[in-house]
Each structure stands twice: as C-alpha cells, then as structure tokens.
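Chemist: turn this into a model:
(chains A and B)
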Protein chains: 2
Amino acid sequence: MSVTINENYLLLQDSYLFVEIARRVEKFQEENPEKEIIRMGIGDVTKPLVPAVVNAFKEAVDEMSKSKSFMGYGPEQGYSFLAEAIIKNDFEPLGIKLGLDEVFISDGAKCDSGNIQEIFSFDNVVAVTDPVYPVYVDTNVMAGRTEGLNEDGTYKGLVYLPATEENNFIPELPKSDVDLLYLCFPNNPTGTTLTHDELAKFVSYAKKNNVIILFDAAYEAFIREDNVPHSIYEIEGAKEVAIEFRSFSKTAGFTGTRCAYTIVPKELKAFDSKGGKQDVNPLWNRRQTTKFNGVSYPVQRAAEAIYSDEGKKQIKENIDYYMKNAKIIRENLSNIGLNVYGGINSPYIWVKTPNNMKSWDFFDLLLNEANVVGTPGAGFGLTGEGYLRLTAFNTTENTKEAMKRIANLSFV
Amino acid sequence: MSVTINENYLLLQDSYLFVEIARRVEKFQEENPEKEIIRMGIGDVTKPLVPAVVNAFKEAVDEMSKSKSFMGYGPEQGYSFLAEAIIKNDFEPLGIKLGLDEVFISDGAKCDSGNIQEIFSFDNVVAVTDPVYPVYVDTNVMAGRTEGLNEDGTYKGLVYLPATEENNFIPELPKSDVDLLYLCFPNNPTGTTLTHDELAKFVSYAKKNNVIILFDAAYEAFIREDNVPHSIYEIEGAKEVAIEFRSFSKTAGFTGTRCAYTIVPKELKAFDSKGGKQDVNPLWNRRQTTKFNGVSYPVQRAAEAIYSDEGKKQIKENIDYYMKNAKIIRENLSNIGLNVYGGINSPYIWVKTPNNMKSWDFFDLLLNEANVVGTPGAGFGLTGEGYLRLTAFNTTENTKEAMKRIANLSFV
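Modeler: Okay, the predicted model is just below:
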C-alpha cells in the first residue's frame, strides 16, 4: 500500500479570479505608472477598527499580561460573555430566542460555511445559487459530493439555482431532489436580498422536503429596508431547517481581526440511514470541540465591544459611510443608463455590462479607460457572465472620482 | 430524499475525560470546602504572556485603529514577516532550509493536526501510538477511516502502536500496512522522546513503505537533551515523508491567544489512484485558502515578538520555570519509589500507578488523600491504563506542596 491523496482535490478548478485580476492590474500599472487606480473589486473593508473595539482589545491584551487575569484555553464554542451579547443584541430585538449552546463563535464565516458540510452525509445532494460564493462549491467538491465538470464549468452532481435579471435575482426552488441548500442574503456577489415572504417560501420548501438550509447572513448589518429579514429565524419554523452564519468581518471591520459565529438551533434535525431523526447541534459541537480550539480571547473581548452603546454608534457610522458610497455608485451608474442591482441592503453593486459585453471585457474597459477595478461576474459562476461586481468599501472621495471617470466613457 | 448526517460521528466515543475529572473534583470540593486542591491535570499554561509579546500585540492593535496602518484580509497562509521569523529561528539553526511557501500559519496545532487528514484518501490506513492525543483518532473516525469499536474500546481499522514501560515508550514500527502515521514527540501524554537514531528508523520505514508521517512537535521547546531532535527534518530525507506541526501554545503561553504553524515541504509526495506522484504542499495550500482565512493580524505580530532578543529571553525564563517544576515532580516521586517517565524534555510526567492500581483509582486516591488532581492515563487509550499524567504548569510553590502531600501517603 501507499499513501494516496484525496483525489476530489483534482476536480477543483483553479481559484484564479483574484490572482488574474491582480495580474491585469499590475500589468496596467506598470505600463501606466502615472495613472491612479481606484480599487472597487475585492470585498475588503477599509475603515479601521472603531475606538470602542480597540480599547476593549487592548484591555484584554493587558489582562493576558498578568498572572491573575491571564486566560489560557477557553471554551471551543467561545466565551459566554460574547454569546450572551450576540443573543441579546442580534436576535432578541428580532423576537428570536436562542440558548447559549446554540451559538458557536469562530474565527470566520468562511471557515464555518466551509466546514459545516462535514457533519452531513457525503451522499447528500447540494444546491447552490448561481452566481455563488465559491467556498460553498469548492468544499463540497473536496468532500466528494460532486463528480467531474460539465463543459460549461459547472459541476456534475451539484444543483444550480440561477439568480438573474430575468427572475429579479430570486432563485427558483430546486426542481430536483436536494438535501442541503446554501443561501446567502444579502447576496454575495449580487447585493440583492429576499423579502420575508420570499425567504419563507424556501423555509416552507425545506420543511416539506427534509432539506437543511445553510444560510449565510454575513452582510445583514447592511440591510436598510423593513421587509428584508436580518435572520432566517425571523421566518416561523426556520429553526427546524436552518443553520445561520454571521460575521463581524464586514459588520465591524474584522476582516483582519477574525471573528464570526454560527447558529445551530436545538430544533434542527437530520436523518440517519435508518430514517431516525438525529440532532444536528451536538454534531457541530463535536466537530468544533475536536477540530477547533476557540477564538483568541482578546479578539472575543474586542467583538463584545461592538455591542456596547459606544461601539454600536461607531459601527453604525462606518456602515452608513459605506452605504452612502453604495448609493453614489447606484445613482451614478443608473444615471448613465447602466442596469445596476444590489447596493440598497448591501455593500455590493452588481452591474449589468453594457451592450452584452463579456465580464472580463468590461473589466478591461474600466481598468484601461477609467482606471477603476471591479470583479468580473463570470468569476462567481456561469450566470455571473455579463455582470461586474463593485464594492462600496473605498473612500467616498475615490468612489465619486471613479463614478466621474466611468461617466466620461462612451460605451453607453 | 432527506438530508442525512455523517454517520461516522455516531462511532465516536464520548470525550468524557476532562468532564469526568471536573465532575469528581467538583464533588470532592463540595464535600470538603476547606481543602485546597492543587490542579496538575490539564495541560494548560499559567504564566502570562511575556512583555515583549504584550507590547507587540498592543502595537498591532493600535495599527488596526488607524486608516493608514489598518490591516484587512491577510494571506490565508499567514504573513511573511512571521514565516520568515519562524524559518530563521526555528529551523535555520538546526541546519534545515525551508521556503516561505512551506510554512502555513494557523490558529492552532489542534486544528491543523485535525484537518490534515482531509487532503488524503478516505481509504488510507492510519497508525497512531497508544496512548495517544485523541484528536488524531477522532478526526479519522469522523472521516470514515475506521469501522466500529472493538470490545476493548479501540477502533477497527486503526493500527495502534503501544508505547509502554516494556518498550521504554519507543513504539515499534507498524507490523501491518499503513499509509499515514501520527507521531508526537516529545510525547503527549507520556512526556517521553525519541533520540535522533530512533526517529530516523521511522523516517526510513516511511520512505521504504510510502508512508507519510504526521509529526506533532508542539512540545519541542521543552527539549533539553542534545540527542533529541527538535524537528523531524533534522533526519536526512524526512522532507520527503513528513509534515510537521508546531505550536506557540506551550512555547509562549498562547493557549488562549491562538497561533501555530505547519510545515508541508515541497519534496513531500503522495500517490494518486493511478500510481502517479502528487505534490502534497499545493493540496494543503488549497485546503487552507478555501476553508481558512488566516490568523488575526495582531496575534501574528504578537507571535513574531517571540523571536525578538527580548522575547526569546523572556520565553526561555518561563520554560525554565516549568521545567524546574518538572524536575521537582520527577525527583520527589522517584524518591518515594514511584516509576516516573517524561519530564526531562517535556512538561508532562507519566507516573506508573503503584501496586498495579487502575488509573482512575489512583486519580481518586490523589484527589481524596492529597487533594492533587492528575489526568488518568486510561483517558488516552488502552495502554494508558495503569498510568497518571501530571503537568509542570502549576506554580513551583504549589508543585512542591503537592509533592509533600503525596509523599505523606502510605501507598508505597
């Protein structure tokens, strides 16, 4: 015998998207060193940590410097001081009751939404929306839930639910049998949302068909409209069919600080092969206690400070700032005749390319003629072709300048 | 169809060890509120972060508070400033050359040693030493590499390599075919080590039999003897057959701060099902970039400070302190006629129970009569029965007091 690799990895497509963007930007900059490029591609925040968070972070580091207050191994699921703040601030105002053991604090929603599939059978059929955050797809490919690639670059064995202009970016319910369904709303990359009633249709479908919904709510802090649910648990009965992922990355600028959490309700059940019902919460608990060792204590204290009165106010100012940028992008691009989506409850704006241009052609046009960097929609899947994603995370000054430059182009 | 669970989780045994210890300690304390219990069970450090680390940690938090120096998403593999410090300080002095892309910085050796099996075939046969750190076993059970339990509590499909008094805690080479072999030296729980020649036998075996060694060196900072390798890569050719896990947890008191790293050499190959050789490094890189989002930036700066002149000196003082405790434990228990192992190159002391007592009986005796808490060896596997683990992480004062109390017992 010989040690062999997990051959499912060989089915993965190269994650060339941001590498290719960086390559083209670098080449352009080299050839045009005098041009000032404005980056509106990658979904990373730019505003620093707010003072309330910084103070709590440093105080916790100070605690670590003294024998009396030093913190060693903490609970793998996170400290209850943070879980309590989460429940009280993120869920109770929505009328959602959660127990401390339903909250799992982690170092990222990417990790959690990537690892969650481990606790389900390798035979489960997975549905994703298209365009899609690549982590949902790639982690299931690695686990062996797909076969090879189709000619169009989609995976055999995966069920894709297109979200396009035609269906107003509201994916239809799966037409074939599925077991796990990933939803991300406000959506990455399209920036669009589901109303309460639209999300309720998915919950009802999941109940009827014994499907579990993996609901990524990483962008909920950007929701501005009343009829858009912040949590899937606002839908009655959703606790029986849904896991929810939340993140402090975009909410509080934690992309480099790393903290997130996942809700696995006690009511959630899946089946065993004999048709018996099994609790899902203890499975995730066992996964996390076995393969994870908790989030850095000072980081958890920093996250807790987001929920202080001061923290809330400071965080809101940053989100308002980004959302002002989103509005500037939406309005300016609409004014020059482009079809734009998202940006109302989300920091992402999904721009339909003019004249049916390909995503990468429009990317090149903006880079070369306006020196503005977006993300080609084709990088998010088949249905992303013909779109470009812009983000609201740059400065207002740069955002305005970018809009001015794009308005001067002659493609419309 | 219905969503189904990963049924391998149902094969897991309850991880009752530390829960059961806590239960017995709590019960004793309730019934004897006046007794002062000395805890020498859990392998957690007690000394606070050293000043060099605290300063760097806080400076990095300050950077996060300003627009100009704010850090968002970092490389999933970690920042090169830390990887460079690791290579220069942990490997170059041993004559080991490594590239930056062979170092993967993470939030814990538990996570890495738990996740590493994902990149290998689910059909691979796994060998572990016995007693063993439970994470190696449980993560392979979850992945489906074992069948049910044998009557003695071992897993069918796993190969166990006993480490006992009889073989001087040097496990024999596997007698049946295996593909992956977990080794941890200095060992948790026994505290024993392998010499250069003894480890070389494993490397040579791995080469001859196309086996990959997963080498956990989390305790290397405690090595005091010259002929004990700090890294498996001190053995010639080991880069072709071994992955190494390192941690700042015990080295620098990072159990609550969370930082570690894993070395996956470019020379390391595994096979595909057609017998072709495949590089392992890109597989781990793909795993980490897809399912992990890097370690908190301030934590990485804190870890970097371990390698400053000041940091090195301060860290060494802490480790010396713990090793003085280890010596006190070894000498005192030996003096009263107990057989003790480990504690020379490790913070763990593995005590043979007197008069063939069972692990849990000896645990109860120490708790009830000396008010000292250890960890029953049986909790680490079949071969751990008849032993108890003590750790050197308490204060010297408490350690001395514990030894005095044990010496007054009449079991010898």
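
Chemist: in three-state terms, label the closest residue to residue A:248 other than its chain neighbours for me.
Modeler: Closest residue to residue A:248 apart from its sequence neighbours, by Cβ to Cβ, 6 or more residues apart in numbering or on different chains: residue A:254 at 3.9 Å. Any C-beta I mention is one placed from the backbone N, CA and C, and that applies to glycine too. With DSSP: H, G, I helix; E, B strand; the rest coil as the basis, the three-state label of residue A:254 is coil.

Chemist: can I see the domain layout of chain A?
Modeler: Following automatic domain parsing, one finds the domains of chain A at A:9-48+A:310-407, A:53-308.

Chemist: how close does the residue nearest to residue A:248 sit to residue A:47?
Modeler: 11 Å (Cβ to Cβ, to the nearest Å).

Chemist: more neighbours: which of those two?
Modeler: Neighbour totals were compared for residue A:254 and residue A:47, and residue A:254 leads with 25 against 19 (other Cβ atoms under 10 Å in any protein chain shown).

Chemist: I'd say that one and residue A:303 touch.
Modeler: Yes - using Cβ atoms under 8 Å, residue A:254 is in contact with residue A:303, at 7.2 Å.

Chemist: one step back: ok, now which ones touch the residue nearest to residue A:248?
Modeler: For residue A:254, the contacting residues are A:49, A:247-248, A:260, A:302-303, by Cβ atoms under 8 Å, 6 or more residues apart in numbering or on different chains.

Chemist: quickly list what's touching both of residue A:254 and residue A:303.
Modeler: Common neighbours of residue A:254 and residue A:303, using Cβ under 8 Å, 6+ apart, are residue A:248.

Chemist: among the domains of chain A, which is the most enclosed?
Modeler: Highest mean neighbour count among these (mean count of other Cβ atoms under 10 Å in any protein chain shown): domain A:53-308, with a mean of 20.

Chemist: just to revisit the earlier point, for residue B:384, find the nearest of the domains of chain A.
Modeler: domain A:53-308 (18.8 Å; Cβ to Cβ).

Chemist: now do the end-to-end distance for that closest one.
Modeler: 9 Å (Cα to Cα, to the nearest Å).

Chemist: quick check: mean pLDDT across that domain?
Modeler: Averaging pLDDT along domain A:53-308 yields 97.

Chemist: tell me where chain A has helices.
Modeler: Along chain A, counting by DSSP state H, helices occupy A:17-31, A:51-63, A:80-86, A:109-115, A:134-142, A:196-209, A:249-252, A:281-291, A:297-304, A:309-335, A:359-365, A:396-407.

Chemist: residue A:265 is nearest to which of those?
Modeler: helix A:281-291 (6.9 Å).

Chemist: could you list every helix and strand in contact with the closest one?
Modeler: strand A:103-106, helix B:109-115, helix B:134-142 (3 or more Cβ pairs under 8 Å, 6 or more residues apart in numbering or on different chains; DSSP states H and E).

Chemist: ok, back up a step: let me know the closest of the contacts of residue A:254 to chain B.
Modeler: residue A:49 (4.6 Å; Cβ to the nearest Cβ).
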